[in-house]
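K.L.:
Show me the folded form of this:
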Amino acid sequence: IREQLGMAVASALLLLGSSASALVVVPRVAAPTGPSLAPEASRLPAVAVRMGIFDQFAKAFSNEDYSTSAAMYEQTNARASHILVPTEEQATSIKTQLASGDLLFDEAASRFSTCNSRTRGGKLGKFNPGTMVAEFDDVVFGMVDTGVDFKPKHELGEVVGPVQTKFGYHLIKIETRTMAGFDFRQQEAARGNL
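P.N.:
Numbers count the residues shown, from 1 in each chain. A predicted model of the protein is given here:
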């Protein structure tokens with residue numbers, strides 16, 4: 001196997017020609033010899049190649065588990081459900097029924113919402129900041145500066161509203177939220193710098 005690897009490295013150096021200088025080479029103590037090496041390889045100096053660039057390929061295709069660290073690699077996004085109604089009184093009445101347990105959120109969305117999402121129980125799917133109108137975005141992605149760190153304005157699962165937008169009055173329930181560590185837009189907005 002060692003001889004075959006040496007032959008493969010030697011062939012690669014021949015194919016690279018002048019660009020072989022981009023590879024880092026380290027002198028070997030003993031040059032490989034024997035009939036198994038190709039004649040072209042015997043003309044090369046005795047070197048062992050340290051595969052700097054190839055190590056990067058190996059790292060890129062390594063089998064690391066990123067499933068538990070989505071926030072490091074995923075953009076800021078959220079999943080939410082809402083109930084859209086034309087009047088504030090109707091939104092307040094529905095919120096009261098939700099709080100008392102008389103209605104489930106998806107059931108209320110199916111019965112009362114004027115949005116097409118009512119067929120999915122009010123679920124809007126995954127979206128990023130700036131996708132929804134500003135008032136809606138503020139409920140889902142808004143942050144508060146506590147002086148020590150930044151916290152979301154509203155907790156997951158909390159029914160927020162009524163929130164007035166140009167479409168009517170919303171009751172909003174945030175299901176999931178991922179705030180990317182590299183996304184400082186919401187923090188700057190909480191400070192009043194945006």
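
K.L.:
Tell me which residues touch Ala80, please.
P.N.:
By C-beta atoms under 8 Å, 6 or more residues apart in numbering, the residues touching Ala80 are 124, 127, 140, 172-175. All C-beta spots, glycine's among them, are computed from the backbone N, C-alpha and C.

K.L.:
where along the chain do the strands fall?
P.N.:
Ranges of strands in the chain, per DSSP state E, are 24-27, 47-50, 77-85, 123-127, 143-145, 150-152, 159-165, 168-178.

K.L.:
taking those strands together, which one is wrapped up most tightly?
P.N.:
Most buried of the strands of the chain, by mean neighbour count (mean count of other C-beta atoms under 10 Å): strand 77-85, with a mean of 24.

K.L.:
circling back to that earlier point, just send the strands of the chain back as a markdown table, with distance to Arg191 and mean pLDDT too.
P.N.:
Shown next, in a markdown table, are the strands of the chain (distance: least, C-beta to C-beta, whole Å; pLDDT from 0 to 100):
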| stretch | distance to Arg191 | mean pLDDT |
| --- | --- | --- |
| strand 24-27 | 47 | 48 |
| strand 47-50 | 48 | 49 |
| strand 77-85 | 21 | 95 |
| strand 123-127 | 24 | 94 |
| strand 143-145 | 6 | 84 |
| strand 150-152 | 9 | 85 |
| strand 159-165 | 22 | 95 |
| strand 168-178 | 20 | 95 |
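
K.L.:
wait, which of the contacts of Ala80 is closest to Leu104?
P.N.:
Nearest to Leu104 out of these is Lys173 (C-beta to C-beta; 10.7 Å).

K.L.:
How about the contacts made by that closest one?
P.N.:
By C-beta under 8 Å, 6+ apart, the neighbours of Lys173 are 80-82, 105, 122, 157-160.

K.L.:
Quick one: the helices in the protein, in order.
P.N.:
Per DSSP state H, the chain carries helices over the ranges 2-16, 39-42, 52-60, 70-73, 88-100, 105-112, 134-141, 185-191.

K.L.:
same question for the fourth one, mean pLDDT?
P.N.:
Taken as a whole, helix 70-73 has a mean pLDDT of 50.

K.L.:
Show me the shaky parts of the protein.
P.N.:
Under the criterion pLDDT under 70, the flagged ranges of the chain are 1-74, 181-187, 190, 193-194.

K.L.:
please redo it, this time with the cut-off set to 50
P.N.:
The model of the chain has pLDDT under 50 over residues 18-23, 25-29, 46-48, 71.

K.L.:
what about the closest residue to Asp138 other than its chain neighbours, neighbour count?
P.N.:
Distances taken as C-beta to C-beta, 6 or more residues apart in numbering place Lys153 nearest to Asp138, at 7.4 Å, with adjacent residues excluded. Neighbour count for Lys153, taken as other C-beta atoms under 10 Å: 16.
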